[in-house]
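**Q** Just the structure for this:
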Amino acid sequence: MALQISATNPEHPALLLELPWHLPLEEWPEHHLVPLPRGISRHVVRYARAGDEVVAVKELAERPALREYELLRDLDRLGIPAVDALGVVTGRLDGSGEPLEPVLITRHLGGSMPYRSMFETTMRPATMHRLMDALAVLLVRLHLAGFAWSDCSLSNTLFRRDAGAYAAYLVDAETGDLHAQLSSGQREYDLDLARVNISGELLDLEASGALHPSVDPIEFGNEICSRYHKLWEELTRRSVYPAGKYHYIERRIRRLNDLGFDVAEMQIEHADNGDTVTFVPKVVDAGHHQRQLLRLTGLDTEENQARRLLNDLESWMATQDDYAPGDPLGARPEVLAHRWVREVFRPTVRAVPLELRGSMDAAEIYHQLLEHRWYLSERAQHDIGLDTAVKDFIDNVLPRTQALLPPTVDDVTVPED
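**A** Residues are numbered from 1 along each chain as shown. Prediction:
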């Protein structure tokens, strides 16, 4: 069989042809590889440079490779946080004409970290709670979309910083199935697998001495279940309100918005006696603040980052002379928002040298600067201003934290051929 590359982008096949497909991944030369931290995988996985992109290449049999490729594309269409599938390479032959396993190619998720690299320095329990929150949100989003993962674990997840929290991304969809809707049994089976997998992974870390002594691996495995159930209940529960109290429905929707979800479709029923109204969210979409920030500014961020940036944007807008909510003569919010991006957000982020940014994207840098400004202002008992915070952050914070961060694409020098 001749070498075949199935790709989502017409530019990718030409770039991917430059990689040494005639060699098993374990034998790829160093000058093709990018030494980024990798998680544990049942397959051979390597990071490689393809043109200006860094890609993850995974060897596996043809049928599961094609199946996972399609599943990842489905998740992308559904707006689920997962790695981007770029292509599948089949028909690989080595130098003697013997067949090699096909490979699945995904785009490297910038700024992401596998959980093992995050535990290279002993992680505090508070940070681990944030990881469990992120993983619970990801699992709920998958289940709302009808996706049964069947292998939820820390190893199959990548984490990105998200304004003091973390955002979780699915990496391995090989065992998954997409349905119109999941039953309670399917969801509980997925959740039980997650509990067992996470406890096992933390026990492994404990045996290696990389786990904080106060962390109980079994307790943290159970925590994913409790956090999942609380979020699922909040997103799907049926509420019964007195007739005429329609603001209760609005309050429930706002609560969901605060959690980062929009109600795209709802069911409202009046009781036969007219005394009560029943409200049930039918379709719930994640990314409420992301969509709001994207609409106003064009910035595409994680959910918690979007929430933080929107708060700063609103505070800044209130200081502008032409800010007049409800006044048709005042500047429209979109106009002010783009002015904030141009005059505040971009100059602030650009003040941080590229070599000091590490894996932080622009939104995370801005969040960190806002946090540092708050800290310095509290210490000084007055607002010290963003410019002062930026200078102190560059001089005193970034040099100290850079040494603790795992390598990223920007840190890696790829040798020329």
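**Q** Would you quantify the distance from Leu310 to Ala167?
**A** 16 Å (CB to CB, to the nearest Å). C-beta here means a position set from N, CA and C on the backbone, and glycine is covered the same way.
**Q** nope, Asn273 is what I was after
**A** Taking CB to CB, one finds Asn273 at 46 Å from Ala167.
**Q** So which of the two has more stuff around it?
**A** Ala167 (21 against 7; other CB atoms under 10 Å).
**Q** which strand residues sit across from the more buried one in the sheet?
**A** Beta-bridge partners of Ala167, counted by DSSP bridges, are Arg160.
**Q** What of the one 10 residues further on?
**A** For Asp177, the beta-bridge partners under DSSP bridges are Ala148.
**Q** neighbours around it, how many?
**A** 14.
**Q** Ok, Arg238 next?
**A** The tally of other residues near Arg238 (other CB under 10 Å) stands at 10.
**Q** Same question for the one 5 residues further on.
**A** Number of residues near Ala243 (other CB under 10 Å) recorded here: 12.
**Q** same thing with Glu343?
**A** Neighbour tally, Glu343, other CB under 10 Å: 11.
**Q** Distance-wise, check it relative to Pro102.
**A** Applying CB to CB to Glu343 and Pro102 gives a distance of 50 Å.
**Q** cool, and Arg346?
**A** 43 Å.
**Q** Who has more neighbours out of the two?
**A** The residue with more neighbours, out of Arg346 and Pro102, is Pro102; 23 against 14, by other CB under 10 Å.
**Q** which residues touch that one?
**A** Glu59, Leu60, Ala61, Glu62, Ala65, Val88, Val89, Thr90, Gly91, Arg92 (CB atoms under 8 Å, 6 or more residues apart in numbering).
**Q** So what does the third one look like in phi/psi?
**A** Its backbone dihedrals place Ala61 at phi -60, psi 160, with angles given as degrees, to the nearest 10.
**Q** measure the spatially closest residue to it that is not a sequence neighbour to His22 for me?
**A** Once flanking residues are discounted, Ala61 sits nearest to Glu101: 6.5 Å by CB to CB, 6 or more residues apart in numbering. Separation of Glu101 from His22 (CB to CB) stands at 13 Å.
**Q** Over to Val88?
**A** 17 Å.
**Q** same deal with Ser96?
**A** From Ser96 to His22 the distance is 10 Å (CB to CB).
**Q** More neighbours: those two, which one.
**A** The neighbour comparison of Ser96 against His22 (other CB under 10 Å) goes to His22, with 14 against 6.
**Q** what's the helix or strand for that one?
**A** Using DSSP states H and E, His22 sits in no helix or strand.
**Q** got a list of what the spatially closest residue to Asp84 that is not a sequence neighbour touches?
**A** Leaving aside its sequence neighbours, Asp84 sits nearest to Arg107 (CB to CB, 6+ apart; 4.2 Å). Applying CB under 8 Å, 6+ apart, we find Arg107 in contact with Glu53, Val54, Val55, Ala56, Val83, Asp84, Leu86.
**Q** The last one contacts Ala7, doesn't it?
**A** Yes. Counting by CB atoms under 8 Å, Leu86 sits close enough to Ala7 to count as a contact (6.0 Å).
**Q** what about the closest residue to Val397 other than its chain neighbours, which SS state?
**A** Setting aside the residues directly before and after it, Val397 is nearest to His372 in space (CB to CB, 6+ apart), at 6.4 Å. Three-state assignment for His372 (DSSP: H, G, I helix; E, B strand; the rest coil): helix.
**Q** Mind pulling up the pLDDT for the spatially most central residue of the chain?
**A** Taking CA atoms, centre = their mean, the centroid of the chain lies closest to Ala167, which sits 3.7 Å from it. Model confidence at Ala167, given as pLDDT, is 93.
**Q** farthest pair in the contacts of Arg107?
**A** Based on CB to CB, the longest span within the contacts of Arg107 runs between Glu53 and Val83 and measures 12.7 Å.
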